[in-house]
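>>> Sequence and predicted model, in that order:
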Amino acid sequence: MSPRRSAKLEEYQRLLDEAIRMLDRISQDRGVPRNIRRLTTEAIDVLRGENSSHAVRASKAISMLNEVMGDINMPPQTRSQMLLVIGLLERIKD
């Protein structure tokens, strides 16, 4: 594997790890509705999956998070955190 490709994969893994940390904080927050916490846990599982490329995992997680963005019960600070996570994941490409 070329050094450039290796550096890119390391960067993608770092972005995935940061997104997982942020989603984990949301999933632990008891002020967040249960359905949103459950979805963040599912998104974490998708991001940790080893059988897909980084970009595929990121795309699946973005899709899941976008589904819940319109939930009127989502606290504003949680919505901001979700948008940050989506922004991180959108930087991952094949």
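Arrived safely. Residues are numbered from 1 along each chain as shown.
>>> can you tell me which residues contact the spatially most central residue of the chain?
The residue lying closest to the centre of the chain (Cα atoms, centre = their mean) is residue 19, at 4.6 Å. The neighbours of residue 19, taking Cβ atoms under 8 Å, 6 or more residues apart in numbering as the test, are 47, 58, 61, 85, 88, 89. Quick note: C-beta positions are derived from backbone N, CA and C, even for glycine.
>>> secondary structure class for it?
On the three-state scheme (DSSP: H, G, I helix; E, B strand; the rest coil), residue 19 is labelled helix.
>>> what residues are up against residue 42?
residue 64.
>>> repeat for residue 91
Contacts of residue 91 (Cβ under 8 Å, 6+ apart): residue 15.
>>> Would you mind measuring from it to residue 22?
Per Cβ to Cβ, to the nearest Å, residue 91 is found 14 Å from residue 22.
>>> Same check on residue 90?
From residue 90 across to residue 22, the span is 14 Å (Cβ to Cβ).
>>> These two: which has the busier surroundings?
Between residue 90 and residue 22, residue 22 has the larger neighbour count (other Cβ atoms under 10 Å), namely 17 against 12.
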